[in-house]
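Trainee: sequence first, then the predicted structure:
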Amino acid sequence: MISLAGRDILHSWSKFVLTGLGLGLLIGATLTMAGVYRGMVDDAEVLLQNSGADLWVVQKDTLGPYAEPSSLPDDLYRGILALPGVAQAANVTYLTMQVRKGDTDVRAMVVGFKPGQPGAPGFLTSGRQITRSHYEAVADQMTRFKVGDRIRIRRQDYTVVGITRRMVSSGGDPMVFIPLKDAQEAQFLKDNDAIVAGRARNAANPALNRPGVPGLLDAINASQTSNHSVNAVLVKVAEGQDPTTVAQTIRRWKHLQAYDRKEMEDILIAKLIATAAKQIGMFLAILAIVSAAIVAFIIYTLTLGKIREIAVLKLIGTQNRTIASMILQQALGLGVIGFLVGKVAATLWAPAFPKYVLLLPGDAVWGFIIMMAVCALASTVAIRAALNVDPATAIGG
Amino acid sequence: MDQGPGQGQGQGIRIEGLWKRYGEGDAAVDALKGVDMTVAPGEVVGLIGPSGSGKTTLLKCLGAVIEPTRGRMILGGEVIYDAGWKIKDLRTLRRDRIGFVFQAPYLIPFLDVTDNVALLPMLAGHPNDQARERARELLQAMDVSHRAQAEPSTLSGGEQQRVAIARALANRPPVILADEPTAPLDSERALTVMRILHDMAHQYQTAIIVVTHDEKIIPTFKRIYRIRDGQTFEEAGEGREIA
Ligand SMILES: Nc1ncnc2c1ncn2[C@@H]1O[C@H](COP(=O)(O)OP(=O)(O)O)[C@@H](O)[C@H]1O
Ligand SMILES: [Mg+2]
């Protein structure tokens, strides 16, 4: 016996290929959506991994530093460093802002860190780490900055000395690393008008501007133009210490929250990405329904175009099973063409996406299985129509 | 009497008192009212009648696609219908025992000419090469072997109809039912098709029933059944030789 489905596909291959192409782009979009989600999860994991920290210490009752604002005094790290089991503890600041290069702005997460401490950029693809304590920067390659570029953050110019990769915030913004002191300043720095206005306000306040206490106003003004807070303290535990135990110690000690790696992952993935995952889930469901509708419609149309032939096939003794399997195979064939096109398309266009798209082979396998199921389901409409054809109609009236 | 397959080919078709009623009660229509008909192996008979006389209904009963209400039908020595009883597997019966030729060729567009013919033996379970070998023989006999690899849509109307006849013959059925097989053809091609049907009937000892309106081909029948108001009347035809 020959494959009727195969012959029909070969005969009207242009219809199948064109439909498969359209379906394929849809499947490509589906795979890419799954890849976007995987990319977000992976970004979060890489972010945590590359920070070189075991624990994230943040303000009590916050989910900081990535999911919620957190503010800590910048001398707190000393106390943490003194706790048993802590090897390193370093201040970090995170602030999403516009970074200027020439005439263009790049939205970036500016990270203030202490070189050589937890929170430093994990690895560099070019250039070097920051060695001076001021006005040097390491940027993620997504910023498209190059080593030697001059960039502007608030009112200061920085020289890009190194490029890192896969360091993006959970919002998808590339990171720019600068020395902690500069970052604290940038976070707090007001523009000149604001400073002048602030000083005028202080001078007008009789409680602050006391004629009997010379120097008080100046001290207050000075304290208001510098910043002594950071967003988090990143902790590396000593060799052989259990991060969870150390985290408990920190939590008990003063009013602080400490998260270990696992808890940070949960915050990033469960809290931050959860909504995005639901969005993507909805999108995937709609794409599956649209694909099913397309396959059903095309297969149904192709089948209606063959009603006469199907009547003849039935009249000359073709079993219902053979006819049903012919239509099913065509639907599956369409799904296979569509899937191949979609896989290739997704692989080709994934790197062009602004955010990291991670195409997992496992997702592709699931996509294929679901696509085949959708096609099989979609073919039932056409199969029912074909099985209802009366062989007597081939003889006519 | 041996009724095994292969033995039946030489026994033609016989119907007795075939009755077909459509619908029930007031809406009932008796399309066939006790039709008798016998076609011997190797014989080609014409079935002629005005519109609404029951030709299509009779052809559908003979073709085992609708059931007669009453009557007997014996095909190739095997009883198919008898007083409301019918054999179980009508589908296999149609595949193995009845050849169909329609007004339009109705070839399967996605199979080439050879496979259109070979499909029947394949459906009957013959291996592909054996089925194709038989198809090639028949296409040779139909004088269309030069188009064996072609797509049906590239054939002329006459060629397509000859392929359709080859298909009808592919499983060597004891009977072929042809429904206005020459309607779309000019008179030269119509006569060619009739000559082929006569030759094939003779060569394969097949009983062939041709429903027709076509004045050009009526003189070629030796025997004709006229059907009027659900009843058949047998008469002699001219039996003219086709040049
Ligand atoms: N499916 C059907 N249901 C009810 N009546 C039918 C049906 N098919 C045919 N008839 C009736 O049976 C009679 C014979 O029809 P038909 O066999 O088609 O004749 P012909 O083919 O000679 O024109 C007509 O009166 C027709 O209206
Ligand atoms: Mg009719």
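Mentor: Thanks, I have it. Ligands and ions are numbered 1, 2, ... in the order given.
Trainee: let me see the contact set for the residue of the stretch 251-397 of chain A found nearest chain B.
Mentor: In the stretch 251-397 of chain A, the residue found nearest to chain B is A:Gly317; the distance is 2.5 Å by CB to the nearest CB. (C-beta placed from N, C-alpha, C; glycine too.) By CB atoms under 8 Å, 6 or more residues apart in numbering or on different chains, the contact list for A:Gly317 reads B:Arg91, B:Thr92, B:Leu93, B:Arg94, B:Arg95, B:Asp96, B:Leu120, B:Leu123, B:Ala124.
Trainee: do I have it right that the fifth one meets B:Pro121?
Mentor: In this case it means B:Arg95. No. Contact status for B:Arg95 versus B:Pro121: not in contact, 9.6 Å apart, counting by CB atoms under 8 Å.
Trainee: common neighbours of the two, please.
Mentor: By CB under 8 Å, 6+ apart, the residues touching both B:Arg95 and B:Pro121 are B:Asn171.
Trainee: if you average pLDDT over stretch B:153-163, what comes out?
Mentor: Averaging pLDDT along stretch B:153-163 yields 92.
Trainee: so B:Val79, which state does it fall into?
Mentor: Secondary structure assignment for B:Val79 (DSSP: H, G, I helix; E, B strand; the rest coil): strand.
Trainee: what's the answer for A:Arg132, then?
Mentor: Classification of A:Arg132 using three-state DSSP returns coil.
Trainee: what about it, how many residues nearby?
Mentor: Neighbours of A:Arg132 under the rule other CB atoms under 10 Å in any protein chain shown: 10.
Trainee: likewise B:Lys60?
Mentor: Here the number of neighbours of B:Lys60 (other CB under 10 Å) works out to 25.
Trainee: same question for A:Val196.
Mentor: 11.
Trainee: would you state the strands of the chain in chain order?
Mentor: In the absence of a named chain, chain A is used. Ranges of strands in chain A, per DSSP state E, are A:55-59, A:72-73, A:86-101, A:104-113, A:124-127, A:136-140, A:150-153, A:156-164, A:175-179, A:229-230, A:232-237, A:256-260.
Trainee: wrong one, I was asking about chain B
Mentor: Applying DSSP E to chain B gives strands spanning B:13-22, B:29-39, B:44-48, B:70-75, B:78-82, B:85-86, B:98-101, B:175-179, B:207-211, B:223-228, B:231-236.
Trainee: low-confidence ranges, the stretch 151-300 of chain A, go.
Mentor: Within the stretch 151-300 of chain A, the segments meeting pLDDT under 70 span A:189-194, A:222-226, A:254.
Trainee: lowest average pLDDT across the strands of chain B?
Mentor: strand B:85-86 (a mean of 83).
Trainee: residues contacting that strand, please?
Mentor: B:Glu67, B:Ile80.
Trainee: partner strands of that strand and their direction?
Mentor: strand B:78-82 (antiparallel) (DSSP bridges).
Trainee: so which bits of the partner strand are buried?
Mentor: For strand B:78-82, the neighbour count (16 or more other CB atoms under 10 Å in any protein chain shown) marks B:Glu78, B:Ile80, B:Tyr81 as buried.
Trainee: so which bits of chain B are right by chain A?
Mentor: B:56, B:59-60, B:63, B:65-66, B:91-96, B:100, B:102-103, B:106, B:108-111, B:115, B:119-120, B:122-124, B:128, B:151, B:167, B:179 (CB under 8 Å from any CB of the partner chain).
Trainee: nearest residue to the residue in the stretch 51-200 of chain A that chain B sits nearest to other than its sequence neighbours?
Mentor: Scanning the stretch 51-200 of chain A for proximity to chain B using CB to the nearest CB identifies A:Gly172 as nearest, at 49.7 Å. Setting aside the residues directly before and after it, A:Gly172 is nearest to A:Lys355 in space (CB to CB, 6 or more residues apart in numbering or on different chains), at 4.6 Å.
Trainee: what backbone torsions are found at the residue of the stretch 251-397 of chain A closest to chain B?
Mentor: phi 100, psi 20 (degrees, to the nearest 10).
Trainee: and the pLDDT for the closest residue to it other than its chain neighbours?
Mentor: Leaving aside its sequence neighbours, A:Gly317 sits nearest to B:Arg95 (CB to CB, 6+ apart; 2.5 Å). pLDDT recorded at B:Arg95 is 91.
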